[in-house]
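1. How does the following fold in three dimensions:
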Amino acid sequence: MNIDRASLRAVFSCAVSIAWRSATLAETIHIPVDVPTIQACINAAVDGVDECVVAPGVYSETINFLGKSIIVRSSGGRGVTTIDATGMGGTVVTCENGEGSQTILDGFTITGGFSTEVGGGMVNHSSSPTVTSCTFDSNTAAGTGGAVYNFQSSPTFEDCVFMGNSAYNGGAMENMGSSPLITRCV
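-> Residues are numbered from 1 along each chain as shown. Next up, the predicted model:
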């Protein structure tokens, strides 16, 4: 079989293009179908590409975004999807590795967080994630920021509810050197 250089080059170029597109297409990872936990999804997700979609239910865990620009969202909304850290003795959601606005948490009730220091429900340390349509309920910090503690961060909170959280200072939110953007929150 005789293949000229131009045809070979075209076939090679097409193969490289398909491989490149496959490597960069976003994958939707479903919890608990594809992986059993939200943290397992975050661990597996490709930074800046993938999305974790969480089915309704109660997920007993704490999560850390690990600096990844990914979307973690519930498929049914905060009324039916809960991240519950009751009895785990830790912050429910952590962003401490430079997460930016493309790190998105959407549609959860965040509850049961407990910290002996700061941020029972969420800690943002030098990170500025986007948090939408979440309810922070019954989280506790012995220090500051019962629901959320922001340190040198500029997170965005949209359509969120803060209720029943407690701390020595800042039951709902404590901001140290931070400028959060808070829109339509209660």
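
2. what distance separates the start and the end of stretch 141-157?
-> Stretch 141-157 has an end-to-end distance of 20 Å (criterion: CA to CA, to the nearest Å).

3. nope, stretch 79-96 is what I meant
-> This stretch, stretch 79-96, spans 27 Å end to end (CA to CA).

4. try stretch 52-62
-> First-to-last residue span, stretch 52-62, CA to CA: 15 Å.

5. swap in stretch 125-138?
-> Stretch 125-138 has an end-to-end distance of 21 Å (CA to CA).

6. Stretch 71-90 now?
-> For stretch 71-90, the first and last residues are 22 Å from each other (CA to CA).

7. list the buried ones in it?
-> Neighbour-count burial for stretch 71-90, with 16 or more other CB atoms under 10 Å as criterion, is recorded at 71-74, 77-78, 81-85, 90. For every residue, glycine as well, the C-beta is placed using N, CA and C.

8. which stretches of this protein have low pLDDT?
-> 1-24 (pLDDT under 70).

9. Tell me where it has helices.
-> For the chain, the helices defined by DSSP state H occupy 5-24, 38-44.

10. Show me what the residue most central in space within the chain is bridged to.
-> In the chain, the centroid-proximal residue (CA atoms, centre = their mean) is Leu105; its distance is 4.1 Å. Legend: beta-bridge partners of Leu105 under DSSP bridges are Val72, Val131.

11. Renumber starting at 36 from here on
-> From this message on, residue numbering opens at 36, which makes the last subject Leu140.

12. Relative to Ser109, how far out is it?
-> 9 Å (CB to CB, to the nearest Å).

13. got the contact list for the nearest residue to Gln74 once chain neighbours are set aside?
-> Counting by CB to CB, 6 or more residues apart in numbering, the nearest residue to Gln74 once its immediate chain neighbours are dropped is Ile98, at 5.0 Å. Residues near Ile98 by CB atoms under 8 Å, 6 or more residues apart in numbering: 73-74, 77, 107, 118, 127-129.

14. right, and out of those, which lies closest to Asn200?
-> Checking these against Asn200 with CB to CB, the nearest one is Val127 at 11.1 Å.

15. Return the residues in contact with the closest one.
-> Contacts of Val127 (CB under 8 Å, 6+ apart): 97-98, 118-120, 145-148, 155-157, 174.
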